[in-house]
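Chemist: Quick one: sequence and predicted model below, then my questions.
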Amino acid sequence: MMWLSDNQISQQRLGMYPWYKLLSFPTIYKLAMRALGGHACRARFVDRYMLAQPGDRILDLGCGPGDLLDYLPAVDYVGIDVEPKYIASARNRHGERGTFLCNDVVSVNEEGLHQFDIIVASALIHHLSDDECIKLFHKCRRLLKENGRMVTLDGCRVPGQHMLDKWMLDLDRGEHVRTLEGYMQLATSVFPNVQASLHSNLLRIPYTHIVMELSLSLQKRGPHNLKLTHMRSM
């Protein structure tokens with residue numbers, strides 16, 4: 001689970017939850033993720049959905065302190081995040097193993113960003129407005145290779161979800177946590193093939209995630225391109 005910088009949070013929400021500021025510090029962010037079971041969540045996301053192969057070109061949008069790189073083989077990795085502390089930490093930790101850019105993912109200049117096999121947006125989409133999502137999806141479509149894929153992971157609102165699950169989504173720094181239909185509507189407006197999976201309990205607390213796989217391929221897995229999956233973390 002990745003979060004954007006305080007710059008992306010409204011002053012109203014920041015005033016309501018001043019502890020949000022602490023999450024901009026990489027050490028505190030990592031401790032919070034460890035407590036929630038973020039390691040198991042990230043490992044399953046990489047193994048089951050990213051399917052990265054050695055030599056793949058990977059773009060990680062909202063990369064945070066670059067934790068995703070720990071789970072990948074030898075790839076050509078580019079990470080982008082708006083939070084300078086995250087980028088400084090990622091560069092210090094990973095050195096030349098990846099390229100890290102401090103920029104806003106929606107407005108970043110595409111020049112110099114060559115086409116990618118996989119584009120990742122982990123806990124990013126729910127920070128963006130509908131217009132920003134559409135703009136980002138179009139940018140990613142241009143940056144993907146012909147057979148490339150974009151993979152997203154976000155919190156999701158579902159009918160009848162656990163009270164703690166709903167409360168955690170309400171507290172999230174992202175102001176645009178959507179329903180399954182909301183995410184799918186945005187994604188399918190740009191990509192011809194979108195496959196969605198819902199997951200419960202990837203973390204140590206009740207929490208519903210949606211994973212979307214976006215591509216230019218017209219191959220479909222089934223009706224409505226939807227798989228409902230329930231996985232429990234270790």
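Modeler: Yep, that arrived. Just so you know, these numbers come straight off a predicted model, no measurement behind them.
Chemist: which ones are touching the closest residue to residue 133 other than its chain neighbours?
Modeler: Nearest residue to residue 133, sequence neighbours excluded (Cβ to Cβ, 6 or more residues apart in numbering): residue 186, at 4.8 Å. In this view, the C-beta of every residue, glycine as well, is placed from N, C-alpha and C. Applying Cβ atoms under 8 Å, 6 or more residues apart in numbering to residue 186 gives the contacts 125, 130, 133, 134, 137, 178.
Chemist: backbone phi and psi for the residue nearest to the spatial centre of the chain, please?
Modeler: Residue closest to the average C-alpha location in the chain (Cα atoms, centre = their mean): residue 122, at 1.2 Å. According to degrees, to the nearest 10, the main-chain angles of residue 122 amount to phi -100, psi 120.
Chemist: Could you do residue 165 as well?
Modeler: Main-chain torsions, residue 165, degrees, to the nearest 10: phi -60, psi -50.
Chemist: Run through the helices of this protein in chain order.
Modeler: Ranges of helices within the chain are 11-16, 26-36, 38-45, 84-94, 130-143, 163-171, 180-188, based on DSSP state H.
Chemist: Not counting sequence-adjacent ones, nearest residue to residue 216?
Modeler: Residue 216's closest residue in space is residue 192 (Cβ to Cβ, 6+ apart), at 6.3 Å.
Chemist: what about that neighbour, distance to residue 49?
Modeler: Note on residue 192: its distance to residue 49, by Cβ to Cβ, to the nearest Å, is 19 Å.
Chemist: on that earlier part again, what is the nearest of the contacts of residue 186 to residue 208?
Modeler: Nearest to residue 208, judged by Cβ to Cβ, of the contacts of residue 186 is residue 178 at 11.5 Å.
Chemist: Touching, the closest one and residue 156? I think so.
Modeler: Yes - contact criterion Cβ atoms under 8 Å: residue 178 and residue 156 qualify, at 7.0 Å.
Chemist: Between those two, which has more neighbouring residues?
Modeler: Higher neighbour count among residue 178 and residue 156: residue 156, with 25 against 20, using other Cβ atoms under 10 Å.
Chemist: Would you agree the more buried one is in contact with residue 179?
Modeler: Yes - look at residue 156 against residue 179 with Cβ under 8 Å: they come within range, at 6.8 Å.
Chemist: ok, back up a step: distance-wise, check the residue nearest to the centre of the chain relative to residue 71.
Modeler: Taking Cβ to Cβ, one finds residue 122 at 11 Å from residue 71.
Chemist: Skipping its backbone neighbours, what lies nearest residue 162 in space?
Modeler: Sequence neighbours aside, residue 206 is the residue nearest to residue 162 in space, at 3.9 Å (criterion: Cβ to Cβ, 6+ apart).
Chemist: Burial check on the residue lying closest to residue 211 once chain neighbours are set aside, number of neighbours?
Modeler: Distance criterion Cβ to Cβ, 6+ apart; nearest residue to residue 211, sequence neighbours excluded, is residue 197 at 4.6 Å. Per other Cβ under 10 Å, the neighbour tally for residue 197 reads 20.
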